[in-house]
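J.: let me see the structure of the following:
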Amino acid sequence: MTTPPTGSAGATGAPPLRLDFSALSDVGRVRKDNQDSGYAGPWLLTVCDGVGGAARGDVASGTAVQQLRRLDQRPADDLLGLIAGALHRAHDRIAELVDEDPALNGTSTTATVAVFDGSKIGIGHVGDSRAYLMREGELSQLTQDHTFVQTLIDEGRITEDEARVHPHRNLILRALDGVHEVEPDLFVLELQAGDRLLLCSDGASGVLRDERLADILGSGTPDYAAVELVRASLEAGSTDNVTCVVAHVVPADAETTEPDPEPLLVGAAAELRRRLPRGTGRGLFRGHRAGDTGELEPIADEIPDDLPAGVEFAVAADPLDPEAARYAPRPPRRFAWLRRLLALVVIVGLLWIAVAAAWSWSQRQYYVGEEGGQVVIFRGVNLDLPGVSLSEPYETTDVDLDRLSDFDAGKVREGIDAADLDAARHTVDNLAAKQEPEPEGGS
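T.: Numbering: from 1, shown residues only. Modelled structure (predicted):
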């Protein structure tokens, strides 16, 4: 894979280039519903992969494409502003649908958009659908996946091959959901005659390696490439919906024997437009398997050990709908610094309470010890810590350590614990009674 070319300002006047395009979406051999949507027109290419399972990802992707297709006209200027605005409108429309029907809560969609102005394209991207460029036989991945495994790749913790089989490879971190702020990647790319563009859902990119994508994308017409990409994805074992949009960049004055092609609307967006009941999608390459077993293995009840810092996702209750778990970030953290400060204050407060409680307890403890040759009652704990005094003299008695037997004097030096102050004084009285008589002539 090569690095994609950088973009530059576009020309004005008659467009020097045009797009020959095709699009195809297939429900696949496992799922009963197609939650992908795609669109291909003379000025717009887009793929959206709906997420949500029972929350109707097909509604999210179809709604997004219906909003985005308004971009299919030659843009005057500010490609990225147009794309960002359209993505925000799609986001807002999904929010409206959720407000109207709470059963849609949790639905979301990826979105990869390419708007053509006659010489360059503006790209907008959210999620893990992808855009590729084929130029002079070399394939470049234009977009970067907003996925959990991509963060692991970026950190050097796993390879791209390992990402393909990672148990959480389908967990996406950004999507259009009508709730979280839209944060699309936006950039511009200059085109040249002979370029080929591919926009596809992860049903294709998740199973076809770059070499295979390049081999098919560089073959035949856009119609042939789109069909072969879908067929190859399903033969490679994809259990997801598969959507591919292909465009060939040709000079605007290139001869053609075909009339201007009509825009193509495929997948859930086309089915919603026809108001077909859910589950009536038919796959062109559908095999003998049936039943929506899903692309994902169930996610366990614990968060993965290799989850990077700052990345969170909620785990749904069993039984787990894999599409519902595919995009399940927690609500954005507002005032994160205040939360951290409050947490620190709580921790410090608990530590202070614990220290205060320990100190209060220690001030109710007494023992009999020695200081300056005298028997002394100490208040506190008979324990020495480096640089910390846990007791202090409370009462100095008139019992001399030198007048005690070696046994009693040794016990005093070690410290004689007492249950309370009265018990400590009783111990001192017993020691006083054991004192040897004061030598004659002593002071």
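J.: going forward, measure contacts and count neighbours with C-alpha atoms only.
T.: Noted.
J.: residue 98 sits in which helix or strand?
T.: With secondary structure defined by DSSP states H and E, residue 98 is part of helix 79-100.
J.: again, but for residue 397
T.: With secondary structure defined by DSSP H and E, residue 397 is part of strand 388-400.
J.: kindly export that strand (C-alpha atoms) in PDB.
T.: In PDB, the C-alpha atoms belonging to strand 388-400 read as follows (Å, rounded to 0.1, in the frame of the first residue of the first chain):
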ATOM      1  CA  VAL A 388       7.200   9.100  63.300                       C
ATOM      2  CA  SER A 389       6.400   9.200  67.000                       C
ATOM      3  CA  LEU A 390       3.300   7.200  67.900                       C
ATOM      4  CA  SER A 391       3.300   7.900  71.600                       C
ATOM      5  CA  GLU A 392       4.300  10.600  74.200                       C
ATOM      6  CA  PRO A 393       4.900  10.600  77.900                       C
ATOM      7  CA  TYR A 394       1.700  11.100  79.900                       C
ATOM      8  CA  GLU A 395       2.700  10.600  83.600                       C
ATOM      9  CA  THR A 396       6.200  10.400  85.100                       C
ATOM     10  CA  THR A 397       6.300   8.300  88.300                       C
ATOM     11  CA  ASP A 398       8.700   8.100  91.200                       C
ATOM     12  CA  VAL A 399       9.600   4.500  90.500                       C
ATOM     13  CA  ASP A 400      13.300   4.300  89.700                       C
END
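J.: so what are the sheet partners of that strand and their directions?
T.: Within its sheet, and counting by DSSP bridges, strand 388-400 is paired with strand 374-385 (antiparallel).
J.: which residues does residue 158 contact?
T.: When the contact criterion is CA atoms under 8 Å, 6 or more residues apart in numbering, the partners of residue 158 are residue 152.
J.: quick one, phi/psi of it?
T.: Listed backbone geometry of residue 158 is phi -140, psi 160, with angles given as degrees, to the nearest 10.
J.: what are the buried residues along stretch 406-425?
T.: When burial is assessed from 16 or more other CA atoms under 10 Å, stretch 406-425 yields the following buried residues: 408, 409, 412, 415, 416, 417, 418, 421, 424, 425.
J.: how about the third one, what does it touch?
T.: For residue 412, the contacting residues are 368, 369, 370, 375, taking CA under 8 Å, 6+ apart as the criterion.
J.: who's in contact with the second one?
T.: Same thing as residue 369. With contact set as CA under 8 Å, 6+ apart, residue 369 has these partners: 375, 376, 377, 378, 412, 413, 414, 415, 416.
J.: isn't there a strand covering the fifth one?
T.: No. Following the definition DSSP: H, G, I helix; E, B strand; the rest coil, residue 412 is helix and is not counted among the residues of a strand.
J.: quick check: pLDDT value at it.
T.: We note a pLDDT of 89 for residue 412 in this prediction.
J.: quick one: the strands in the stretch 301-443 of the chain?
T.: In the stretch 301-443 of the chain, the strands defined using DSSP state E, counting those that start in this stretch lie at 366-371, 374-385, 388-400, 416-418.
J.: could you dump the ones you listed to a markdown table with distance to residue 327 and mean pLDDT?
T.: Supplementary listing: those in a markdown table, determined by distance: least, CA to CA, whole Å; pLDDT from 0 to 100:
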| stretch | distance to residue 327 | mean pLDDT |
| --- | --- | --- |
| strand 366-371 | 62 | 91 |
| strand 374-385 | 53 | 85 |
| strand 388-400 | 54 | 86 |
| strand 416-418 | 63 | 90 |
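J.: okay, and for the stretch 251-400 of the chain, where does confidence drop off?
T.: In the predicted model of the stretch 251-400 of the chain, residues 257-259, 272-325, 328-336 satisfy pLDDT under 70.
J.: look up how far residue 262 lies from the nearest residue to residue 61 once chain neighbours are set aside.
T.: In space, residue 61 comes closest to residue 50 once its chain neighbours are excluded; the distance is 4.7 Å by CA to CA, 6 or more residues apart in numbering. In this structure, residue 50 lies at 25 Å from residue 262, with CA to CA, to the nearest Å as the measure.
J.: now distance to residue 41 too, for the strands of the stretch 301-443 of the chain, in a markdown table please.
T.: Compiled in a markdown table, these are given as follows (distance: least, CA to CA, whole Å):
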| stretch | distance to residue 41 |
| --- | --- |
| strand 366-371 | 89 |
| strand 374-385 | 79 |
| strand 388-400 | 79 |
| strand 416-418 | 91 |
